[in-house]
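Engineer: Got a predicted model here, sequence first, then my questions.
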Protein chains: 2
Amino acid sequence: MKASKPEPKQSAAQRIEQALVLEIGAGALEPGQRLDEVGLATRFGASRTPVREALSRLTAQGVLVQGERRGVFVARYSREELSQIFEAMHEIEAACARIASQRLNLLARSEIEAAQANCIAAATAGDREGYLLANEAFHLAIYRATGNPYMADMALEFRRRTGPFRAKKFVTKADLIASANSHQNLINDIFSEDSATASNGMRTHMTQSFVDALKAN
Amino acid sequence: MKASKPEPKQSAAQRIEQALVLEIGAGALEPGQRLDEVGLATRFGASRTPVREALSRLTAQGVLVQGERRGVFVARYSREELSQIFEAMHEIEAACARIASQRLNLLARSEIEAAQANCIAAATAGDREGYLLANEAFHLAIYRATGNPYMADMALEFRRRTGPFRAKKFVTKADLIASANSHQNLINDIFSEDSATASNGMRTHMTQSFVDALKAN
DNA sequence: CGCCACTATTTTGTATACAAAACAAAAAGT
DNA sequence: ACTTTTTGTTTTGTATACAAAATAGTGGCG
């Protein structure tokens, strides 16, 4: 997974990869659904080659999975697997929060706050799509506050993997607002600049997120 | 190395990917070195297509990097980047050790001990190649002791990324023996089944590993 | 001798073609 | 009617061909 660079010219493969990540993240593609190479090729107005490349990379990232029977599928996880994935994500997010709390600077603070403002705006507007993006940006801001792009990439990768499952818990406007409120507590914990507080705050947030996701899946 | 499944038939792309991972992990390919598609293709007796797929997946995993100027390169990291990568790895490994210490069972214990026995054997024999493999197996055994394959995959991914840099510190027989001894302390800490002891033990091991790697790079 | 334009060669990305394998379906035999 | 064999279709993996971009040369001209 790469840090989003301003690439003026994008290869078709990258374009397709990005589009698929977005669709999967938003839950537009159901877990377990098969991705047809030729179908995608015609849909994106390309040939199978770049499609194949995109799929290959996404499987390498764990977003897709290949060979359950045949073909490439949106990763579908059992309750147990989901639990394991969330455990791993839990650890990473907690570590990110801890490190971020130790390295907070004015810029990071303002980025996190700005992202949270967008979350609140989208939540009160009931804009589901917008909230999903704002939510991702919010967590990304925390990741970046670690000052460690590798931690950030790893965390983002898990966020993408679990995207389809977390997306299901965001349906009503109340869901969005609840999530945004949870963010606020998290911000307070991280801004306390105390390692344990930040870490535990994130663990609480993640546990809640996990419980909700399990209910919806 | 992936969970070794009995794959009777392996696609050329997978074969190439595995071979490259091995070579890079052993340090046979220098960081920063360019990988020529056609060169690899002829070398593996295949066409560019499967080579391309392998390279694409390896870049997605961060083992390779593309577009510094042009082409695909073995990832080369600055001191600062290396430091960040090791910090991330540090966190993951510590989390693995902690979780493993809480879930230790007889099977996991024996696997770890068996792997360590191989490490000692390779070290006393001065078998560098063998030690690299045994060492990887040893850490893999710890990862697997977490009972969480996703944690294990993530840890393994970082291990691969840092492979070329860690490999440089294993030159003399004394290096191997020192590493094996360090393993022994780590085992004691993990087998204590105390979270903090296990976690700190791994942090110590990783810090040592990091210091050595920095010296060599 | 140095600089710029222009050409040639390499290299990447994509499209298409083809072979082999997997799956589905129909036909034959018991 | 049920199994097994055979045939046909879809799908995957790989090879090759081609176009566009990038780098490296080459030569002219100051």
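Structural biologist: Done, it's in. Given the structure is predicted, the values throughout are model-derived calculations rather than measurements.

Engineer: mind listing what the residue nearest to A:Phe138 when sequence neighbours are not counted touches?
Structural biologist: In this structure, A:Phe138 finds its nearest non-sequential neighbour in A:Ala115, 4.0 Å apart by C-beta to C-beta, 6 or more residues apart in numbering or on different chains. Heads up, the C-betas are built off the backbone N, CA and C, glycines and all. Applying C-beta atoms under 8 Å, 6 or more residues apart in numbering or on different chains to A:Ala115 gives the contacts A:Ala134, A:Ala137, A:Phe138, A:Leu140, A:Ala141.

Engineer: which parts of chain A sit against DNA strand D?
Structural biologist: Listed as neighbours of DNA strand D in chain A under the rule C-beta under 7 Å from any atom of the strand: A:Asp36, A:Glu37, A:Val38, A:Arg48, A:Thr49, A:Arg52, A:Gln66, A:Arg70, A:Gly71, A:Val72.

Engineer: make it 10 Å
Structural biologist: A:8-9, A:34-41, A:47-49, A:51-53, A:55-56, A:59, A:66-67, A:69-73 (C-beta under 10 Å from any atom of the strand).

Engineer: Sort out which residues of the helix or strand that contains the residue nearest to A:Phe138 are buried, please.
Structural biologist: Using DSSP states H and E, the element containing A:Ala115 is helix A:106-125. Across helix A:106-125, burial judged by 16 or more other C-beta atoms under 10 Å in any protein chain shown covers A:Ala108, A:Glu111, A:Ile112, A:Ala115, A:Gln116, A:Asn118, A:Cys119, A:Ile120, A:Ala122, A:Ala123.

Engineer: And the next helix or strand past that helix?
Structural biologist: Beyond helix A:106-125 in the direction of the C-terminus, DSSP H and E gives the next helix or strand as helix A:128-145.

Engineer: for that next one, the distance to its chain's centre please.
Structural biologist: 8 Å (C-alpha atoms, centre = their mean, to the nearest Å).

Engineer: ditto for stretch A:18-28
Structural biologist: Taking mean C-alpha positions (C-alpha atoms, centre = their mean), stretch A:18-28 and its chain are 10 Å apart.

Engineer: is chain B contacted by it?
Structural biologist: No - judged by C-beta under 8 Å from any C-beta of the partner chain, stretch A:18-28 and chain B are separated, with a smallest distance of 11.7 Å.

Engineer: Averaged pLDDT, stretch A:144-155. What do you get?
Structural biologist: Averaged across stretch A:144-155, the pLDDT comes to 94.

Engineer: Near chain B, which residues of chain A? Just list them.
Structural biologist: By C-beta under 8 Å from any C-beta, the residues of chain A that approach chain B are A:1, A:49, A:52-53, A:56-62, A:81, A:84-85, A:87-88, A:91-92, A:95, A:99, A:147-151, A:153-154.

Engineer: nearest spatial neighbour of A:Ala75, skipping sequence neighbours?
Structural biologist: Spatial nearest neighbour of A:Ala75, excluding adjacent residues (C-beta to C-beta, 6+ apart): A:Val65 at 4.4 Å.

Engineer: surely that neighbour meets A:Leu58?
Structural biologist: No - when contacts are counted by C-beta atoms under 8 Å, A:Val65 is not listed as touching A:Leu58 (9.4 Å).

Engineer: residue contacts, A:Ile187?
Structural biologist: A:Ile112, A:Glu113, A:Gln116.

Engineer: Which pLDDT does the model give it?
Structural biologist: pLDDT, read off for A:Ile187, is 93.

Engineer: which SS state does it fall under?
Structural biologist: Under DSSP: H, G, I helix; E, B strand; the rest coil, the three-state class of A:Ile187 is helix.

Engineer: Tell me how far the most far-flung residue of chain A relative to its centre lies from B:Leu64.
Structural biologist: Here chain A reaches farthest from its C-alpha mean at A:Ser47, the gap being 28.5 Å by C-alpha atoms, centre = their mean. Look at A:Ser47 and B:Leu64: by C-beta to C-beta, to the nearest Å, they are 24 Å apart.

Engineer: how distant is the longest helix anywhere in chain A from the center of its chain?
Structural biologist: Across chain A, the longest stretch assigned as helix under DSSP state H is helix A:79-103. In terms of C-alpha atoms, centre = their mean, the centre of helix A:79-103 is found 12 Å from the chain centre.

Engineer: Show me what it is packed up against.
Structural biologist: Under the contact criterion of 3 or more C-beta pairs under 8 Å, 6 or more residues apart in numbering or on different chains; DSSP states H and E, helix A:79-103 touches helix A:128-145, helix A:149-167, helix A:173-191, helix A:195-216, helix B:79-103, helix B:149-167.

Engineer: What lies in contact with the shortest one?
Structural biologist: It stands for helix A:128-145. Residues outside helix A:128-145 that contact it (C-beta under 8 Å, 6+ apart): A:25-26, A:93, A:96-97, A:100, A:103-104, A:108, A:111-112, A:114-116, A:118-119, A:121-123, A:151-152, A:155-156, A:159, A:167, A:170-171, A:176, A:179-180, A:183, A:190.

Engineer: could you check the angle helix A:79-103 makes with it?
Structural biologist: 50 degrees (axes from the mean of the first three to the mean of the last three C-alpha atoms, to 10 degrees).

Engineer: tell me which residues of helix A:128-145 are tucked away?
Structural biologist: Of all the residues in helix A:128-145, those buried under the rule 16+ other C-beta under 10 Å are A:128, A:130-145.

Engineer: With stretch A:205-217 instead?
Structural biologist: Residues of stretch A:205-217 classed as buried: A:His205, A:Met206, A:Ser209, A:Phe210, A:Asp212, A:Ala213, A:Asn217 (neighbour count, 16+ other C-beta under 10 Å).

Engineer: can you pull the alpha-carbon coordinates of it into PDB?
Structural biologist: What follows is stretch A:205-217, C-alpha atoms only, in PDB (Å, rounded to 0.1, in the frame of the first residue of the first chain):
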ATOM      1  CA  HIS A 205     -12.900   2.700  20.500                       C
ATOM      2  CA  MET A 206     -11.700  -0.400  18.600                       C
ATOM      3  CA  THR A 207     -13.600  -2.800  20.900                       C
ATOM      4  CA  GLN A 208     -16.800  -0.900  20.400                       C
ATOM      5  CA  SER A 209     -16.200  -0.900  16.700                       C
ATOM      6  CA  PHE A 210     -15.500  -4.600  16.700                       C
ATOM      7  CA  VAL A 211     -18.600  -5.400  18.700                       C
ATOM      8  CA  ASP A 212     -20.700  -3.400  16.300                       C
ATOM      9  CA  ALA A 213     -19.100  -5.000  13.300                       C
ATOM     10  CA  LEU A 214     -19.700  -8.500  14.700                       C
ATOM     11  CA  LYS A 215     -23.400  -7.700  15.200                       C
ATOM     12  CA  ALA A 216     -23.800  -6.700  11.600                       C
ATOM     13  CA  ASN A 217     -21.900  -9.700  10.200                       C
END
